[in-house]
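Asks: Predicted model follows, preceded by the sequence.
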Amino acid sequence: MLEQKILGIKTEALERIRSVKDDAGLFEFEKKYLGRKSELTGILKGLKDLSQEDRKKIGELANAVKMEISEALEGKKRELKNAGFDFESERIDVTIPSKANGYGHPHILSIVQREIEDIFTAMGFEIADGPEIEQEFYNFDALNVAKDHPARDMQDTFWLKPEIQNPKSKIQNKSENILLRTHTSPVQVRYMEKHKPPFKIIVPGRAFRNEATDATHEHTLHQFEALVVGDGVNVGNFKYIAETFFTKFFGKKLEIRLRPSYFPFVEPGFEFDISCTVCGGRGCPSCKHTGWLEVGGAGMVNQNVFVSAGYKRNAYQGFAWGFGLERLAMMKYKIDDIRLIESGDLRFIRQF
Ligand code: DAH
């Protein structure tokens, strides 16, 4: 009897599902054949009152039918869902060429900085850095630039107003005046305060000058400082390292020229030039028609600087230099105006 009834429910349900056309129909169907008050659920609930033998037989049959009806319902749900879907308009044509994606890439200055770092780290140098907002002490005093010395005027400084100096900052101990560092040289002293020779470091970083801009001057520039300190380090070591660097950086031998010069933090000091790679030495706006490009200053570290950093006078020797990153980028990539580099002009940036 019960078996007949269950099979009857099945036949009826599978017949009925065919005429279901919408969500409301699905809902009704589910309620009628699988819901809590459906006949089938009633039969399943009543199993406990049957004999053990019937319970097994009827239970199996009722559950199998329930499964079949559930599957039919799910099938119908899928069918109705797909019916509302316009396959033709949703078709994806995988053969259509894709839109070109604009990829970002490192800025020319980052590229050059990495090239420089690679060459120096391969020679055993470490990379150090320091703050761009600096104390007057590190930018000038510790570098042997006397308070009233005209050398302070060699670099036009952006001084920060006291009211924008951070009152909580610990930097105020050594000097009250805060500035945008005019060169990367203050990092020499900061590094030496924390390290004992021998060491070889380079310091790539940003510096700022309050000056008019032209094809070779920018108010915001990048330098990389080098500092090599140990026993008996000499000018010969400097020339060798500098020549090795430039040969690797430009991939060819360049002419190098040292001119005696004065920087308070070195003694002796020199200006370091290389032959202009934009014009090959014939003369162009980049080299101001001299055929030479000034790369930066260099020299043997003045003993007063060692003393500022806490070393004993005459305990060590060392050389230092500060070279312009933009200059090197201009020479290597033949750029004739420094102002292009940080202009943000994509037509320029995309060339590298
Ligand atoms: N700091 C100097 C400048 O910005 C460049 C310089 C000269 C750095 C001589 C040095 C050096 O380390 O020895 O103009």
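Replies: Received it, and whenever you're ready, just let me know what you need.
Asks: interface residues of the stretch 201-350 of the chain facing the ligand?
Replies: 225, 263, 265-266, 269, 296-299, 320-322 (Cβ under 6 Å from any ligand atom). In short, each C-beta sits where N, CA and C put it, glycine included.
Asks: and the two most separated of those residues?
Replies: Pairwise distances across these peak at 14.2 Å for Glu225 and Gly269 (criterion: Cβ to Cβ).
Asks: domain assignment for the chain?
Replies: Domain segmentation of the chain under automatic domain parsing yields 2-90, 108-349.
Asks: So what's the gap between the longest one and the chain middle?
Replies: Pointing back at domain 108-349 there. From the chain centre to the centre of domain 108-349 is a distance of 23 Å (Cα atoms, centre = their mean, to the nearest Å).
Asks: quick one: average pLDDT of it?
Replies: Per-residue pLDDT over domain 108-349 has a mean of 89.
Asks: now do the same end-to-end measure for that domain.
Replies: Terminal residues of domain 108-349 lie 7 Å apart, using Cα to Cα, to the nearest Å.
Asks: From what I see, Gly269 and Ser261 are in contact.
Replies: Yes. Between Gly269 and Ser261 there is a contact under Cβ atoms under 8 Å: 5.1 Å.
Asks: Among the residues of the stretch 201-350 of the chain next to the ligand, which are located in helices?
Replies: Among these, DSSP state H puts none in helices.
Asks: Distance to Thr247 and neighbour count added to those residues, as TSV?
Replies: Listed next are these as TSV, based on distance: Cβ to Cβ, whole Å; neighbours: other Cβ atoms under 10 Å:
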residue	distance to Thr247	neighbour count
Glu225	20	25
Phe263	25	24
Phe265	27	26
Val266	24	24
Gly269	24	20
Gly296	17	19
Gly297	21	21
Ala298	17	24
Gly299	22	25
Ala320	21	26
Trp321	16	25
Gly322	20	24
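Asks: quick one: stretch 77-87 to chain centroid distance?
Replies: Distance, centroid of stretch 77-87 to centroid of chain: 47 Å (Cα atoms, centre = their mean).
Asks: Do a quick rundown of the helices in the protein.
Replies: Going by DSSP H, the chain shows helices at 2-17, 23-34, 39-45, 52-83, 87-90, 108-122, 136-139, 186-194, 235-250, 303-308, 325-333, 346-349.
Asks: Contacts only, for the closest residue to His105 other than its chain neighbours.
Replies: For His105, ignoring the flanking residues on the chain, the nearest one in space by Cβ to Cβ, 6 or more residues apart in numbering is Phe352 at 7.8 Å. Contacts were defined as Cβ atoms under 8 Å, 6 or more residues apart in numbering; by that measure Phe352 touches 105, 107-108, 111, 333.
Asks: Could you identify which of the domains of the chain is most buried?
Replies: Among those, ranked by average contacts under mean count of other Cβ atoms under 10 Å, first place goes to domain 108-349 (a mean of 17).
Asks: Is the residue lying closest to Glu117 once chain neighbours are set aside bridged to anything, and to what?
Replies: Leaving aside its sequence neighbours, Glu117 sits nearest to Ile127 (Cβ to Cβ, 6+ apart; 5.9 Å). Note on Ile127: beta-bridge partners by DSSP bridges are Ile202.
Asks: So Ile127 versus Ile6, what's the distance?
Replies: Look at Ile127 and Ile6: by Cβ to Cβ, to the nearest Å, they are 81 Å apart.
Asks: Tell me which residue of this protein is furthest from the middle?
Replies: When each C-alpha in the chain is compared with the mean C-alpha position (Cα atoms, centre = their mean), Met1 comes out farthest, at 77.5 Å.
Asks: Quick check: Gly299 touching Glu271?
Replies: No. The criterion here is Cβ under 8 Å, and Gly299 misses it with Glu271 at 9.5 Å.
Asks: Leaving out the residues flanking it, which one is nearest to the residue most central in space within the chain?
Replies: In the chain, the C-alpha nearest the mean C-alpha coordinate belongs to Pro106, at 8.7 Å (Cα atoms, centre = their mean). Of all residues not flanking Pro106 in the chain, Arg114 sits nearest, at 7.4 Å (Cβ to Cβ, 6+ apart).
Asks: what's the distance between the one you found and Phe224?
Replies: In terms of Cβ to Cβ, Arg114 sits 12 Å off from Phe224.
Asks: quick revisit: so can I have TSV of the helices of the chain showing distance to Ile202?
Replies: Below are these laid out as TSV (distance: least, Cβ to Cβ, whole Å):
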stretch	distance to Ile202
helix 2-17	78
helix 23-34	71
helix 39-45	80
helix 52-83	65
helix 87-90	58
helix 108-122	5
helix 136-139	18
helix 186-194	10
helix 235-250	9
helix 303-308	17
helix 325-333	11
helix 346-349	25
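Asks: hang on, isn't Glu267 packed against Val305?
Replies: No. Using Cβ under 8 Å as the test, Glu267 is too far from Val305 to be in contact (9.5 Å).
Asks: which residues do the two both contact?
Replies: By Cβ under 8 Å, 6+ apart, no residue touches both Glu267 and Val305.
Asks: got the residues of the stretch 51-200 of the chain near the ligand?
Replies: Residues of the stretch 51-200 of the chain lying near the ligand (Cβ under 6 Å from any ligand atom): 183, 185.
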